[in-house]
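> sequence? don't have it. structure:
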């Protein structure tokens, strides 16, 4: 039996291997390789692929799986924490983009309906490209990643009302009020079902499936949940991608989210590559080359306009200048849902064929630039952060905040602690400082956190700690210790440099996520760098050593050595070696309660019971009435309900347990 699409899939994947390999050698992102593959193999290139519609359907599966995995890695609690970003940030970004685009196109003699519809198209960014790149770089949970995710969620929701309004602005009458009411009711029902499923249904279902230990059944169940929720939201008038994201959120509330992610990831990578190939197939290369000058000018205009508006939305929500810049750099492209919306425009006479080709060319060009921009985002933001423009913005911002808020810094503050960042780590440091009666001041850039903590009486100041004025205002030159407890690695480096430019004496302790940052931060002036990932490793390592009965002083010595050597023992290029004589004892230690009355042991002394001779075990400790007795003598009497800590081989331990315990019923 011949499967026509199989040949096209073979061509796509085989060509992708070659093209992506070339792009990898040129140190270009693989996304660009897949786009190039689509351009080459598509109907406007070499026409190697005939079943373009079928490829587009498969590519949609890639978008669904991508959003599904993103939802799994998120949670309902995290989604609730960015609701302000979704509604306010997304609303500002979409609304301003539509207004600005419409005004420009009206000035270019387009009708108001064509101008507004064009604003609809350009207001949407690429969920698939942005979230894939952010996930690969582990940046989704960073401030600009959370901001971008919130805006993209809003765009995925708002695209449906845009489709409903398109016939209205085109002059084709339709009962949009009824449609919107139905959409609202269906959306509320979907959200309610999502919440109930996440809390009560899916965790229990996955638990029962996991108990079967069948990988096939677990995979099938995971896929069914993803497709079922996506299809339900689609039937409610929302997008499939949004439904897949909600399905991921449902599974994220269970204990099996990591396993679900691991089995879906290979499929996600396979189908998302088809998505990028299908986007490349849309480009008419002949039209692009004939109008390349105008297309490039329009692309630059779109990128700058969208970047500025997205950055402005982040600034309104009180994000830092670095996050503002990175958000703009992340959301400047035109998205895949705009392609779907453009078909509505064509059918309603709002988009001519020529303008459609311009739109496709600009969109794909902006998508192609996105991976390069995101990969170099941190470097570009570092350049931006050093500009005079940024310093003027920060001076204005600091002055404005100083007028709005009561200053928590006392003029005579000295020999104090400065805490930069008030997340979990910052709060714990502040709690310890308060308990020890150490004077401290907190610097935090999240305005909501500042206001909330000020209401609780915390000495917290709003500001960017990489700005000299903020540090001097907190008397960093008179402080004894500064603790930097934030997640953004680039921001940490900027803060470290700023502190050392003011004071060389203050003791600087920095918390970082990765051990790879230790050397660079110490070179910048940090006194102590505590990597989060290896502190976790030390805790695990410590507990393992305790289990193997390594002496506590030896464990403490090893931990101190690891920390004093800046975790060199745990680095990939070196290995922790034990001396040839250091053999850890394979001791079996068990705790057993004496419950058999009048047995071979109860009521006797250790000597008279002949514990070691009769059973081959040694009693190393005894617990009686919550009092631990670690010194066991031959004259020690064994009583009922004593807890005995014994050691020996497993067979002898089992014999002893039978002698002192009640027989099993």
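Happy to help now that I have it. Here the structure is a predicted model, which means the values were calculated and not measured.
> Cross-check the contact I'm expecting between residue 46 and residue 39.
No - Residue 46 is not in contact with residue 39 according to Cβ atoms under 8 Å; the separation is 9.4 Å. Every residue, glycine included, has its C-beta placed from N, CA and C.
> okay, those two: which has more neighbours?
Using other Cβ atoms under 10 Å, the more surrounded residue of residue 46 and residue 39 is residue 39, with 23 against 12.
> Following element in sequence after the lowest-mean-pLDDT helix or strand in the chain, please.
Counting by mean pLDDT, DSSP states H and E, the weakest-scoring helix or strand in the chain turns out to be helix 388-404, with a mean of 50. Downstream of helix 388-404, the first helix or strand assigned by DSSP states H and E is strand 417-420.
> Give me the sheet partners of that next one and which way each runs.
Neighbouring strands of strand 417-420 in its sheet, by DSSP bridges, are strand 440-444 (parallel), strand 481-484 (parallel).
> buried set for the helix or strand hosting residue 658?
For residue 658, the element it lies in under DSSP H and E is helix 650-660. By neighbour count on 16 or more other Cβ atoms under 10 Å, the buried set for helix 650-660 is 652, 653, 656, 657, 659, 660.
> Looks like the fourth one contacts residue 592 (just checking).
Yes - A contact is recorded between residue 657 and residue 592 when judged using Cβ under 8 Å, the distance being 5.2 Å.
> Dump the strands paired with strand 417-420 into TSV; add mean neighbour count as well.
Compiled in TSV, these are given as follows (neighbours: other Cβ atoms under 10 Å):
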stretch	mean neighbour count
strand 440-444	25
strand 481-484	23
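> how near is residue 6 to residue 13?
Here residue 6 is placed at a distance of 11 Å from residue 13 (Cβ to Cβ, to the nearest Å).
> Looking at the two now, which is surrounded by more residues?
Each of residue 6 and residue 13 has its neighbours counted (other Cβ under 10 Å); residue 13 has more, 14 against 10.
> Skipping adjacent residues, who's closest to residue 141 in space?
Excluding the flanking residues, the one nearest residue 141 by Cβ to Cβ, 6 or more residues apart in numbering is residue 487, at 7.6 Å.
> Do I have it right that the one you found meets residue 144?
No - between residue 487 and residue 144 there is no contact under Cβ under 8 Å: 11.3 Å.
> And the helices in the stretch 501-650 of the chain?
Assigned helices in the stretch 501-650 of the chain, in chain order: 518-524, 532-547, 552-564, 606-609, 611-615, 650-660 (criterion: DSSP state H, counting those that start in this stretch).
> ok, the closest residue to residue 261 other than its chain neighbours - how many residues close by?
Leaving aside its chain neighbours, residue 261 sits nearest to residue 72 (5.1 Å; criterion: Cβ to Cβ, 6+ apart). Look at residue 72: counted by other Cβ under 10 Å, it has 25 neighbours.
> who's in contact with residue 72?
248, 249, 251, 252, 257, 260, 261, 264 (Cβ atoms under 8 Å, 6 or more residues apart in numbering).
> mind checking how far it is from residue 109?
For residue 72, the distance to residue 109 - Cβ to Cβ - is 48 Å.
> hey, where'd the helices end up in the stretch 251-400 of the chain?
Under DSSP H, counting those that start in this stretch, the stretch 251-400 of the chain gives helices at 257-282, 285-290, 292-316, 321-330, 336-347, 353-375, 377-385, 388-404.
> Dump these into a markdown table; add mean neighbour count and distance to residue 130 as well.
Formatted as a markdown table, the helices of the stretch 251-400 of the chain follow (neighbours: other Cβ atoms under 10 Å; distance: least, Cβ to Cβ, whole Å):
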| stretch | mean neighbour count | distance to residue 130 |
| --- | --- | --- |
| helix 257-282 | 20 | 12 |
| helix 285-290 | 14 | 23 |
| helix 292-316 | 18 | 11 |
| helix 321-330 | 27 | 6 |
| helix 336-347 | 19 | 11 |
| helix 353-375 | 20 | 7 |
| helix 377-385 | 17 | 11 |
| helix 388-404 | 13 | 24 |
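> Tabulate these in a markdown table, adding columns for distance to residue 625.
Below are the helices of the stretch 251-400 of the chain laid out as a markdown table (distance: least, Cβ to Cβ, whole Å):
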| stretch | distance to residue 625 |
| --- | --- |
| helix 257-282 | 43 |
| helix 285-290 | 85 |
| helix 292-316 | 62 |
| helix 321-330 | 59 |
| helix 336-347 | 69 |
| helix 353-375 | 64 |
| helix 377-385 | 61 |
| helix 388-404 | 60 |
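> in what helix or strand does residue 50 lie?
For residue 50, there is no enclosing helix or strand under DSSP H and E.
> I'd like to know how far residue 523 sits from residue 82.
In this view, residue 523 and residue 82 are 35 Å apart by Cβ to Cβ.
> Near the residue nearest to residue 199 when sequence neighbours are not counted, how many other residues are there?
Taking Cβ to Cβ, 6+ apart, and ignoring the residues beside it in sequence, residue 199 has residue 253 as its nearest neighbour in space, at 6.6 Å. Residue 253 sits with 18 neighbouring residues when counted by other Cβ under 10 Å.
> my read: residue 253 touches residue 203, true?
Yes - at 6.3 Å, residue 253 and residue 203 qualify as touching, with contact defined as Cβ under 8 Å.
> what comes up buried for the helix or strand hosting residue 500?
Residue 500 is part of helix 489-502, with elements assigned from DSSP H and E. By neighbour count with 16+ other Cβ under 10 Å, helix 489-502 contains the buried residues 489, 490, 491, 492, 493, 494, 495, 496, 498, 499.
> before we move on, the earlier item: right, and out of the buried residues of helix 650-660, which lies closest to residue 642?
Among those, residue 660 lies closest to residue 642 (Cβ to Cβ), at 8.9 Å.
> Which residues lie in contact with that closest one in this structure?
592, 593, 594, 595, 596, 599, 600, 601, 602, 644.
> From these, list the buried ones, please.
Neighbour counting by 16+ other Cβ under 10 Å classes 592, 594, 596, 599, 601, 602, 644 among the contacts of residue 660 as buried.
> So if we follow the domain assignment, how does this structure break up?
Domain segmentation of the chain under automatic domain parsing yields 4-385, 388-526, 589-660.
> Could you export the ones you listed as JSON lines, including distance to residue 556?
As requested, the domains of the chain are exported to JSON lines (distance: least, Cβ to Cβ, whole Å):
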{"stretch": "domain 4-385", "distance to residue 556": "33"}
{"stretch": "domain 388-526", "distance to residue 556": "21"}
{"stretch": "domain 589-660", "distance to residue 556": "20"}
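> closest to residue 540 out of those?
domain 388-526 (14.8 Å).
> quick check, distance from that closest one to the centre of its chain.
24 Å (Cα atoms, centre = their mean, to the nearest Å).
> got it, and stretch 89-104?
27 Å.
> Residues contacting it, please?
Contacts to stretch 89-104, defined as Cβ under 8 Å, 6+ apart, come from residues 112, 115-116, 118-120, 122-124, 147, 150-155, 158, 305-306, 309-310, 312-314, 316-317, 331.
> Buried residues of it, list them for me.
Neighbour-count burial for stretch 89-104, counted by 16+ other Cβ under 10 Å, picks out 89, 90, 92, 93, 94, 96, 97, 98, 100, 101, 102, 104.
> Stretch 636-648 too?
When burial is assessed from 16+ other Cβ under 10 Å, stretch 636-648 yields the following buried residues: 637, 638, 642, 644, 645, 646, 647, 648.
> Export those residues to JSON lines and append columns for pLDDT and distance to residue 231.
Formatted as JSON lines, the buried residues of stretch 636-648 follow (pLDDT from 0 to 100; distance: Cβ to Cβ, whole Å):
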{"residue": "637", "pLDDT": "88", "distance to residue 231": "71"}
{"residue": "638", "pLDDT": "89", "distance to residue 231": "67"}
{"residue": "642", "pLDDT": "87", "distance to residue 231": "62"}
{"residue": "644", "pLDDT": "87", "distance to residue 231": "60"}
{"residue": "645", "pLDDT": "85", "distance to residue 231": "58"}
{"residue": "646", "pLDDT": "87", "distance to residue 231": "59"}
{"residue": "647", "pLDDT": "85", "distance to residue 231": "59"}
{"residue": "648", "pLDDT": "83", "distance to residue 231": "60"}
